[in-house]
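K.L.:
Sequence isn't available, so here's the structure alone:
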């Protein structure tokens, strides 16, 4: 499984509409509106790197209102939570 954090800036006045559209995109598990340098943070979970690449370079391009993104590909997960249960994609 590939996990990534996608930092997103939107066009002015588009935060809520972009967040709602992103939440419906396959491969995006959560979307958070934030304060600070980025408008939104999306958590991506895909089966493999090719799926992540398709999500970031393909499906996100179809979401109107995104001005820029920065993708942080997770290399290792460190948590006290049962991540397999919390984030299972059912595959």
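P.N.:
Done, it's in. Since this is a predicted model, take the numbers as computed values, not measurements. Numbers count the residues shown, from 1 in each chain.

K.L.:
what's the weakest-modelled helix or strand in this structure?
P.N.:
helix 83-86 (a mean of 57; mean pLDDT, DSSP states H and E).

K.L.:
Quick check: bridge partners of the residue sitting nearest the centre point of the chain?
P.N.:
Closest residue to the average C-alpha location of the chain: residue 42 at 3.0 Å, with Cα atoms, centre = their mean. Judged by DSSP bridges, the bridge partners of residue 42 are residue 6, residue 31.

K.L.:
for the one 4 residues further on, same thing?
P.N.:
Partner residues in beta bridges with residue 46: residue 2, with DSSP bridges as the criterion.

K.L.:
Local confidence estimate at it?
P.N.:
Residue 46 is assigned 96 on the pLDDT scale.

K.L.:
quick one, what contacts it?
P.N.:
1, 2, 4, 27, 52, 54, 55 (Cβ atoms under 8 Å, 6 or more residues apart in numbering). To be clear about C-beta, it is placed using only N, CA and C from the backbone, and glycine gets the same treatment.

K.L.:
And the residues you listed, which of them are buried?
P.N.:
1, 2, 4, 27, 52, 55 (16 or more other Cβ atoms under 10 Å).

K.L.:
Now for these: which two are most distant?
P.N.:
1 and 55 (12.9 Å; Cβ to Cβ).

K.L.:
what two of the contacts of residue 46 have the greatest distance between them?
P.N.:
Of all pairs in the contacts of residue 46, the most separated under Cβ to Cβ is 1 and 54 at 14.8 Å.

K.L.:
Averaged pLDDT, the helix or strand harbouring residue 51. What do you get?
P.N.:
Using DSSP states H and E, residue 51 maps to helix 49-57. Helix 49-57 carries an average pLDDT of 96.

K.L.:
how far out from the middle of the chain is that helix?
P.N.:
Here helix 49-57 shows a centroid-to-chain-centroid distance of 11 Å under the convention Cα atoms, centre = their mean, to the nearest Å.

K.L.:
Any idea how far apart the tips of stretch 24-37 sit?
P.N.:
In stretch 24-37, first residue to last residue: 24 Å (Cα to Cα, to the nearest Å).

K.L.:
Thanks a lot, see you next time.
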